[in-house]
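I would like the atomic coordinates for the input below:
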Amino acid sequence: MHTEEIEWYYSQPLARAYLSHWQSVSHFFEYNAKDPQSIKERFKYLMQGSNKGWCQLAQHLKDYNQMLGCDANTLSNIDLLSKGQAVAVVTGQQPGIFTGPLYTIYKAMGSIKLAKELTRELNYSVVPIFWIGADDHDFEETNHIFVPTSLGPQRIGIEDKPRGRISLAHIPVTNELSKAIQRLKELTPPMGWQEEGLALLKETANKYNNLADWFAGIMTELFTRWGLIMINPVQQPVRQLSREVFYQTIKLAPKIDQQLQLTSQIIKEKFIPQVQGEEGKAHLFIYINGERKALYFRKGLFCSREGSMAWTPDELAGLAMNKPEMFSPDVVLRPIVQETLMPVVAYVGGPGEISYFAQLRQVFKLFNHNMPVIFPRPNITLVEPLMSKLMKKYQIPVEKIFEDSLNIVHQYLKESDILGINTNFNMFRSNLFEQHSKLVKEVSSLDPELKVLAQENIKRLKKVINSFEEKVKQRHRKKNQEAVRQITKLAHMLQPLGMWQERVYNVFPFLMKYNISILEDIYNTIDVYDWRQKIIYFD
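Coordinates of the predicted model:
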């Protein structure tokens, strides 16, 4: 296994600026992740605060992670938190089936690697924590994966969509998952770690009764040896510890909305805000009959979107304190809850998260917090041996695939066209139409109506020429069909669906083919301070 790094940054302008033009976005963040002093300043800030909440959370983390089957490394990290002897690197993601896209795995690896690096830098224990987006209700974003095949990306999913906006933690594990696991078996070669991987998925699916805990169980199996701590915010003890944040949010609702709007206006001068403002949004959800409904603050009352339910601020604040399990934070409030419950020295996020954190600095201030140091997650593309051979065979550098994978076959056919099909046909058309125009001009003196016949004639000629050109191109493509097939496969592997590999494919096909040990191999290549796109070549 060897690697190379390329200067290839996010498509989102604000996140790209965070990586490569810090000065243009520095005023939106508390700390500069590339400045060594930032972590020290953040650590000092955390040490000046109270760790009461951290210690209370630790007992629940121990119970939950033991339920997931964690090993002594995770328990040791939780013990450090319980004694107030550690700070945390936090990351998170919605609980996708089979762990979702590869970037979920890279987030976990990034948090583990960063925690290890910061432990060395600070000479103080830093532990990795994975926040499961269990209260998210976007089922269609998490109900499927893609696996690489000879025919390109193939979708595997569960389609039994729940009625209403149901949190993923409340969606049961059903027989549909067994069918999805069977489909994964059919689409992956019977080699390497396939049998063990399928067994892991089946055993965890049988053990847990909802999608969030199933996800957590798989992640624990993959990462507990590195001490990763899983946290499910829908669990009752976490909700209880979150109630003060819910209470404050209700009291501060107009100010939160105002600060978001002000920051968004500044961002709009150069970028596009990640969190699109909606007037009166309270940034809290409330569970009504199991459904997650957004709250709004309008005319002095909190209400549902359609206004069919309403509460006074005092009524809702009372509910938040007495029944916090009825509430759930949105994307704006979630980092505040994390900051309140855990000693977050740094957060590892993707481009979307970097962009929405840019809108939250003043919201953190409203809750008397400072935003943590934000580190971008590792950005990785895996290149298997066959793909390396094809890149060399057709002299296609990886950058070229990233630039325009959807047109790479067309570009190859164009470059391999020694006859110059396009050029020849364009010249032929130009000459023919020029001569045709001269001829029409001369003969129309006999009868002006010949111009009409000439127009019909030229239409037929164009159609015949176009048809002939297409047939020539088909022959050219057929002559190069093996190259077309192989280059198409290359594009499917490295830029599936025209997107980064890490955003499409799932980790299990790679684990099954190359063994679970590749997790450690990939982990060892990660440099948390190198934010370029990392290309990992399997030797």
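
C-alpha from now on. contacts and neighbour counts both.
Fine.

burial of residue 229, as a residue count?
Using other C-alpha atoms under 10 Å, residue 229 is surrounded by 29 other residues.

quick one: contacts for it?
By C-alpha atoms under 8 Å, 6 or more residues apart in numbering, the contact set of residue 229 is 61, 65, 74, 77, 78, 127, 128, 129, 130.

which two from those end up farthest apart in space?
65 and 127 (14.2 Å; C-alpha to C-alpha).

Restricted to strands, list the contacts of residue 229.
When DSSP state E is applied, these are split such that 127, 128, 129, 130 fall in strands.

Including neighbour count, could these go into TSV?
As requested, the ones in strands among the contacts of residue 229 are exported to TSV (neighbours: other C-alpha atoms under 10 Å):
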residue	neighbour count
127	31
128	30
129	27
130	22
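
of all the residues you listed, which comes closest to residue 284?
Among the ones in strands among the contacts of residue 229, and counting by C-alpha to C-alpha, the member closest to residue 284 is residue 130, at 21.6 Å.

Return the residues in contact with that closest one.
Under the contact definition (C-alpha under 8 Å, 6+ apart), the residues listed for residue 130 are 90, 91, 92, 93, 108, 228, 229, 230, 231.

same question, residue 292
Here residue 292 is in contact with 137, 165, 166, 167, 285, 286, 328 (criterion: C-alpha under 8 Å, 6+ apart).

Now the last one: closest residue in space, sequence neighbours ignored.
Once flanking residues are discounted, residue 328 sits nearest to residue 285: 4.9 Å by C-alpha to C-alpha, 6 or more residues apart in numbering.

Show the contacting residues for that neighbour.
Each residue near residue 285 by C-alpha under 8 Å, 6+ apart is listed here: 292, 293, 294, 295, 327, 328, 329, 330.

So residue 328 lies in a strand, does it not?
Yes: per DSSP: H, G, I helix; E, B strand; the rest coil, residue 328 lies within a strand segment.

distance of it from residue 374?
Residue 328 sits 23 Å away from residue 374, going by C-alpha to C-alpha, to the nearest Å.

Just the buried residues of the longest helix along the chain, please?
As assigned by DSSP state H, the longest helix anywhere in the chain is helix 236-267. Using 16 or more other C-alpha atoms under 10 Å as the test for burial, helix 236-267 gives 237-247, 249-250, 252-254, 256-261, 263-264, 267.

pLDDT on whichever helix or strand comes after that helix, on average?
For helix 236-267, the following helix or strand on the C-terminal side (DSSP states H and E) is strand 281-288. Averaged over strand 281-288, pLDDT sits at 95.

likewise stretch 455-467?
Here stretch 455-467 scores 82 as its mean pLDDT.

Let the chain start at 57 from now.
Got it, first residue is 57 now, which makes that one stretch 511-523.

Buried by neighbour count: which residues of it qualify?
Buried residues in stretch 511-523 (16+ other C-alpha under 10 Å): none.

Now do it: everything it contacts.
Here stretch 511-523 has contacts from 485, 489, using C-alpha under 8 Å, 6+ apart.

Please repeat the previous calculation with a cut-off of 10 Å.
Applying C-alpha atoms under 10 Å, 6 or more residues apart in numbering, the contact partners of stretch 511-523 are 481, 484-485, 488-489, 492-493, 496, 506-507, 510, 524-525, 527-529.

which among the residues you listed gets closest to residue 112?
Closest to residue 112 out of those is residue 529 (69.6 Å), distances taken as C-alpha to C-alpha.

how about residue 190, secondary structure?
Residue 190 is classified as coil under three-state DSSP.

give the contact list for it.
Here residue 190 is in contact with 149-152, 223-227, 266-269, 271-272, 287-291 (C-alpha under 10 Å, 6+ apart).

Next step: those restricted to strands.
149, 287.

PyMOL command to pick out the buried ones of the contacts of residue 190?
Remark: buried members of the contacts of residue 190, expressed as a PyMOL selection using 16+ other C-alpha under 10 Å:
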select buried, resi 149+150+151+152+223+224+225+226+227+266+267+268+269+271+272+287+288+289+290
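
Without its sequence neighbours, what residue ends up closest to residue 578?
residue 592 (7.7 Å).

after the one helix or strand residue 393 maps to, next one along is what?
Residue 393 is part of helix 390-397, with elements assigned from DSSP H and E. Heading C-terminal from helix 390-397, the first helix or strand you meet, by DSSP H and E, is strand 400-405.

could you pull out the helices for the stretch 57-206 of the chain?
69-76, 92-103, 108-123, 128-138, 158-178, 195-198 (DSSP state H, counting those that start in this stretch).

ranking these by mean pLDDT, which is last?
In terms of average pLDDT, helix 108-123 trails the rest of the helices of the stretch 57-206 of the chain, at a mean of 88.
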